[in-house]
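**Q** Model the structure of this input:
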Amino acid sequence: QVQMVESGGGLVQAGGSLRLSCAASGRTFSTYSRGWFRQAPGKEREFVAGINRSGYTNYADSVKGRFTISRDNAKNTVYLQMNSLKPEDTAVYYCGARGGSFLSHEPKEYDYWGQGTQVTVSS
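**A** Alright, predicted model coming up:
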């Protein structure tokens with residue numbers, strides 16, 4: 001059974017940092033593209049960052065220069081380093097995985113999801 005478990009969320013003041021992790025089990029995701037999404041109350045799930053099997057990355061404009069996605073295939077884990085956090089970054093953060101190299105920004109194109117981790121940034 002495939003499982004993806006996010007961790008590392010919490011409460012932080014504006015300007016602070018957090019590092020999210022998403023550990024997968026049940027299959028190897030080394031050939032999959034991995035993505036981070038977030039969903040704030042009353043809003044749709046939105047793309048934050050993605051990394052494909054070759055290490056190519058892309059980011060939402062709102063987080064460029066502040067967030068960094070990385071992966072460790074040996075650990076089947078993807079990370080999201082979040083710096084210079086803002087109150088508008090407050091959301092539940094989800095990791096997803098999809099087959100192939102294309103870094104889709106559409107949640108519906110991802111095959112696997114974690115349960116999410118809450119990130120709250122206070123002003």
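
**Q** In space, what's closest to the residue positioned nearest the centre of the chain - neighbours in sequence excluded?
**A** By C-alpha atoms, centre = their mean, the chain has its centre lying nearest to Trp36, at 2.2 Å. Among residues not flanking Trp36 along the chain, Val48 sits closest, at 4.4 Å (C-beta to C-beta, 6 or more residues apart in numbering). Yep, even glycine has a C-beta here, placed from its N, CA and C like the rest.

**Q** hang on, isn't the one you found packed against Arg34?
**A** No. With contacts counted by C-beta atoms under 8 Å, Val48 stays clear of Arg34, the gap being 11.5 Å.

**Q** Name the residue in these two with the higher neighbour count.
**A** Ranked by neighbour count (other C-beta atoms under 10 Å), Val48 and Arg34 place Arg34 first, with 30 against 24.

**Q** does that one have beta-bridge partners, and which?
**A** Under the criterion DSSP bridges, Arg34 forms beta bridges with Ile51, Ala97.
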